[in-house]
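Engineer: Here is a sequence together with a model predicted from it:
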Amino acid sequence: MNATDQPATTTDTRLRGPAVWALVLTGVASFMAALDNLVVTTALPAIRTDLGGALEDLEWTVNAYTLTFAVLLMFGSALGDRFGRRKLFIAGLTVFTGASAAAALSPGIDALIAARAVQGIGAAVMMPLTLTLLTAAVPAARRGMALGVYGAVTGLAVASGPLIGGSLTEHISWQWIFWLNVPIGLALIPLARLRLAESTAPNSRLDIPGTLLISAGLFGIVYALVNANSEGWTSAPVLTGLIVGGALVGGFIHHGSNNPNAMLPMRLFRDRGFLGINLASLLMFLGMFGSIFLLSQFLQGAAGYSPTEAGLRMLPWTGMPMIVAPIAGILSDRIGGRPVVATGLVFQALGLAWFAMVLSADVSYAAQLPALILSGIGMALYFAPASNVLMSTVVPADQGKASGANSALRELGGALGVAVLASVFSAQGGYQTPQTFTDGTVPALWIGAGAVAVAALLALLLPGRAKQRAAQTAAPVTGSAATTAPDRVKVSAT
């Protein structure tokens, strides 16, 4: 073997092992973080019985996690750039694992909400770094497949949350939806230290003003939406939350437009593909999360199923990503992500609309089955290529910020979905009887279906196959996907 052959052979050999470890470790971590978005949904009736609380408290049990997750994601990504992505990934994983134990030990609803908020902080540091660590470890030629698997795992976690939560709640206790994270987290921490490569962006800066603006702004808006029905839309707390929150978000946009070191440069949204995938992601999660929040409770509160039975009856939805997502990943590599994502969003919208048309207090499971299948196919087609499409809309130097922004908007969409659809549910119905539960759920589902339908139209803005392939070829093979200057990379895996 001559000298020119040696580096290529060595590179091919060394990339394979770290890439596999990166995919496994980041995939499991993202599964845990995504699972906790909706794992509590089928446990909510049991939590309400055990700890008490009104509808607003149940919303905050979900939103305390999704909101802190959303508003701190980009800051967590910046911390990784500044102090080391592997180091901060492990730190976030540690906080997430500890908060999961605290949630399981919560003596009351307020303590549970607080623990869920801390869980969201840990996930916000951990989750955005999973994508940058994975992108750095996988060769460009295989990145589409790897990101497809990663997206499928995340989608499966979101979809299987109700089944896992329902089974654990019925057969053990609701506390085990949180205990489940503890042994997994404890196993991942040393493996991440040994098997992931460390990298930093030495010239990166933390955007404290931007973080404070967006965190306070989004909290004010979500607080107002959650409390609108109980306090009144014209009450001082709700109006204050909407007005002040909106002003702070406007300040964040102004800050991002004029500060070169902003956590989210507004210039990224000048690319129609970046704008399209992010708005589509926000609306997809708004419709999907809000609908699952209500449907998981409908199957128990109105249809009379046990938590496990409710989860099992959602299997056509939850299990479909396991079948469709790998095919979607291959299709996105061959024909481009735009048609796959758009088709997935159309199917998801049709599935939610079908639910809204057939739902009644005595609806049969057979009538719901087509909606479950359509929703499952749609979710899989969206999740598998979405991350790869996102990365094709920005240059390599902006991929870290792009990943953090997209993840944040997804989580924000979930928080808004629960708040908005629960507000509609509360205004039109309630928990009193199966009929009032149905009366509240149906109009909320129509709103969810409409949001996802708009997302499908926005998917037409996504880049075509040629631009996506060009972006994949230009992306770096080593180091981080989130640099503004050459990274320092220290390989710790063998």
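Structural biologist: Thanks, I have it.

Engineer: Could you give me the buried positions within the helix or strand encompassing A64?
Structural biologist: Taking DSSP states H and E as the criterion, the element that holds A64 is helix 55-83. For helix 55-83, burial by neighbour count (16 or more other Cβ atoms under 10 Å) applies to 55-82. Every C-beta, even on glycine, is put in place using the N, C-alpha and C of the backbone.

Engineer: Output the next helix or strand after it as CSV, restricted to C-alpha atoms.
Structural biologist: For helix 55-83, the succeeding helix or strand toward the C-terminus, using DSSP H and E, is helix 85-104. Output of helix 85-104 as CSV, limited to C-alpha atoms (Å, rounded to 0.1, in the frame of the first residue of the first chain):
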residue,chain,number,x,y,z
ARG,A,85,-20.5,19.6,23.1
ARG,A,86,-19.8,16.2,24.6
LYS,A,87,-19.3,17.8,28.1
LEU,A,88,-22.6,19.7,27.9
PHE,A,89,-24.4,16.7,26.4
ILE,A,90,-23.4,14.7,29.5
ALA,A,91,-24.3,17.6,31.9
GLY,A,92,-27.8,17.9,30.3
LEU,A,93,-28.2,14.1,30.5
THR,A,94,-27.3,14.2,34.2
VAL,A,95,-29.8,17.0,35.0
PHE,A,96,-32.5,15.2,33.0
THR,A,97,-31.9,11.9,34.8
GLY,A,98,-32.0,13.5,38.2
ALA,A,99,-35.1,15.5,37.5
SER,A,100,-36.8,12.3,36.3
ALA,A,101,-36.2,10.8,39.7
ALA,A,102,-37.5,14.0,41.4
ALA,A,103,-40.7,13.8,39.3
ALA,A,104,-41.3,10.2,40.3
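
Engineer: Report pLDDT for V244.
Structural biologist: With respect to pLDDT, V244 scores 92.

Engineer: State the number of residues packed around it.
Structural biologist: Counted with other Cβ atoms under 10 Å, the neighbours of V244 add up to 16.

Engineer: Pull the contacting residues for it.
Structural biologist: Going by Cβ atoms under 8 Å, 6 or more residues apart in numbering, V244 touches 217, 220.

Engineer: That one and Y65: what is the separation?
Structural biologist: Distance, V244 to Y65, by Cβ to Cβ, to the nearest Å: 23 Å.

Engineer: now D439
Structural biologist: In terms of Cβ to Cβ, D439 sits 28 Å off from Y65.

Engineer: for G246, same thing?
Structural biologist: 23 Å.

Engineer: same thing with G166?
Structural biologist: Applying Cβ to Cβ, the value for G166 to Y65 is 18 Å.

Engineer: now do G311
Structural biologist: Using Cβ to Cβ, G311 is found at 19 Å from Y65.

Engineer: can you check L416 too?
Structural biologist: Taking Cβ to Cβ as the criterion, L416 is separated from Y65 by 14 Å.

Engineer: low pLDDT regions in the stretch 301-450 of the chain?
Structural biologist: Residue ranges of the stretch 301-450 of the chain with pLDDT under 70: 333, 384, 397, 400.

Engineer: residues near the nearest residue to S360 once chain neighbours are set aside, how many?
Structural biologist: Once flanking residues are discounted, S360 sits nearest to T438: 5.9 Å by Cβ to Cβ, 6 or more residues apart in numbering. When neighbours are defined as other Cβ under 10 Å, T438 has 20 of them.

Engineer: Now do T438 against L79, distance only.
Structural biologist: Look at T438 and L79: by Cβ to Cβ, they are 45 Å apart.

Engineer: With S375 instead?
Structural biologist: 36 Å.

Engineer: ok, now Q368?
Structural biologist: Between Q368 and L79 the computed distance is 44 Å (Cβ to Cβ).

Engineer: Strands of the stretch 101-250 of the chain, residue ranges please.
Structural biologist: 198-200 (DSSP state E, counting those that start in this stretch).

Engineer: Helices of that one, start to end?
Structural biologist: 109-137, 140-171, 176-179, 181-195, 208-231, 236-258 (DSSP state H, counting those that start in this stretch).

Engineer: can you list those in a markdown table and add distance to V340?
Structural biologist: A markdown table is the format used below for the helices of the stretch 101-250 of the chain (distance: least, Cβ to Cβ, whole Å):
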| stretch | distance to V340 |
| --- | --- |
| helix 109-137 | 19 |
| helix 140-171 | 10 |
| helix 176-179 | 32 |
| helix 181-195 | 30 |
| helix 208-231 | 30 |
| helix 236-258 | 30 |
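
Engineer: between those, which has the poorest average model confidence?
Structural biologist: Of all the helices of the stretch 101-250 of the chain, helix 140-171 carries the lowest average pLDDT, namely a mean of 74.

Engineer: what's the angle between that helix and helix 109-137?
Structural biologist: Calculated by axes from the mean of the first three to the mean of the last three Cα atoms, to 10 degrees, helix 140-171 forms an angle of 160 degrees with helix 109-137.

Engineer: which residues sit in contact with T49?
Structural biologist: Counting by Cβ under 8 Å, 6+ apart, T49 has no contacts.

Engineer: Buried ones in the helix or strand hosting it, by neighbour count?
Structural biologist: Taking DSSP H and E as the definition, one finds T49 inside helix 44-51. Neighbour counts over helix 44-51 (16+ other Cβ under 10 Å) mark 44-48, 50-51 as buried.

Engineer: With stretch 93-107 instead?
Structural biologist: Judged by neighbour count (16+ other Cβ under 10 Å), stretch 93-107 contains these buried residues: 93-100, 102-104, 106.
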